[in-house]
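> Here is a sequence with its predicted model. Questions after.
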Amino acid sequence: MGGDVSTAGERAYDVIRAGILSGQFQPGARLKEEELTELCEVSRTPVREALRRLAIEGLVSVTPNAGAQVNIITPAELEEIYVLRAMLESHAAGRAALNMTPDAIARLKVLADEMERIVLGPPEVINRDFTPANSEFHKIILDAAMSPRLSAMASLVVELPLILRTLSRYSADDRHRSMAHHRELIEAFSAKDGAWAAAVMKSHIHAAFQALVRGDPSRWG
């Protein structure tokens, strides 16, 4: 296990982060350095570097002398995350509408088709396949906003809810609404209407939060 530490750190970061978002590492799970070094095929230093980055992003908690674990998101934290997402992603969508290329719009349509197919499947298929497609959909929008600062801020709150596998808790109506929002966003981008895109994205995020609340009422007093 040698080579450039920076490159090894990137590899460790990508592997551990993917494991968290895919559900391989569940909320509250301990992330043991010795196991991660084998999984990532790197030494301990890159693993520690990766864990520090993931802690900054809020996916991991690192406690001195106790190690790292996947974050457990409280109801209050989750509500705040969705408030921030609505603010940041609606602003990003408004900016993106002015910059979205035909190729990017075409890719959004492909992803919308894919997500509509996935949500018809069983929970294990949704949990496995929906997150990558949905993440790419939102990333295309953030990239089209052409604001590195906005992308950096949004990345801290966009993916945190994904570790909860939220879509599998949606009702059929909630899923239909979410997929319809994707289609309307694409229409707004095609029309280069920033106000329309921002409004739809804000509705999309708020509806997602309400769907989560309804899907797991035990978490909400």
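Okay, I see it.
> so how many other residues sit close to Gly19?
Other residues near Gly19 come to 18 when the count uses other Cβ atoms under 10 Å. All C-beta atoms are positioned from the backbone trio N, CA, C, and that covers glycine.
> Show the contacting residues for it.
By Cβ atoms under 8 Å, 6 or more residues apart in numbering, the contact list for Gly19 reads Phe25, Leu39.
> Next, the residue nearest the centre of the chain: phi, psi?
Central residue of the chain (Cα atoms, centre = their mean): Glu159, 2.5 Å from the mean position. Here is the backbone geometry of Glu159 (degrees, to the nearest 10): phi -100, psi -10.
> ok, now Met146?
Main-chain dihedrals, Met146, degrees, to the nearest 10: phi 60, psi 50.
> what sits against it?
So Met146 contacts Arg95, Asn99 (Cβ under 8 Å, 6+ apart).
> Does anything pack onto the top helix by length along the chain? Which helices or strands?
The helix spanning the most residues in the chain, taking DSSP state H as the definition, is helix 75-99. Contact here means 3 or more Cβ pairs under 8 Å, 6 or more residues apart in numbering; DSSP states H and E; on that basis helix 75-99 packs against helix 123-144, helix 148-158, helix 172-190, helix 194-215.
> Tell me which of the ones you listed sits nearest to Glu57.
helix 148-158 (5.8 Å; Cβ to Cβ).
> so the closest one versus helix 75-99, what angle?
Angle of helix 148-158 versus helix 75-99, following axes from the mean of the first three to the mean of the last three Cα atoms, to 10 degrees, is 140 degrees.
> circling back: export whichever helix or strand comes after the longest helix of the chain to CSV, keeping only CA atoms.
Sequence order places helix 102-118 as the next helix or strand after helix 75-99, per DSSP states H and E. Taking Å, rounded to 0.1, in the frame of the first residue of the first chain, the C-alpha atoms of helix 102-118 are listed here in CSV:
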residue,chain,number,x,y,z
PRO,A,102,-29.0,21.0,-24.7
ASP,A,103,-26.8,18.0,-23.8
ALA,A,104,-27.4,18.6,-20.1
ILE,A,105,-31.1,18.7,-20.6
ALA,A,106,-31.0,15.5,-22.7
ARG,A,107,-29.1,13.8,-19.8
LEU,A,108,-31.7,15.1,-17.3
LYS,A,109,-34.4,13.5,-19.4
VAL,A,110,-32.6,10.1,-19.5
LEU,A,111,-32.2,10.3,-15.7
ALA,A,112,-35.9,11.2,-15.3
ASP,A,113,-36.8,8.1,-17.3
GLU,A,114,-34.5,5.9,-15.3
MET,A,115,-35.8,7.2,-11.9
GLU,A,116,-39.4,6.7,-13.1
ARG,A,117,-38.6,3.1,-13.9
ILE,A,118,-36.7,2.5,-10.6
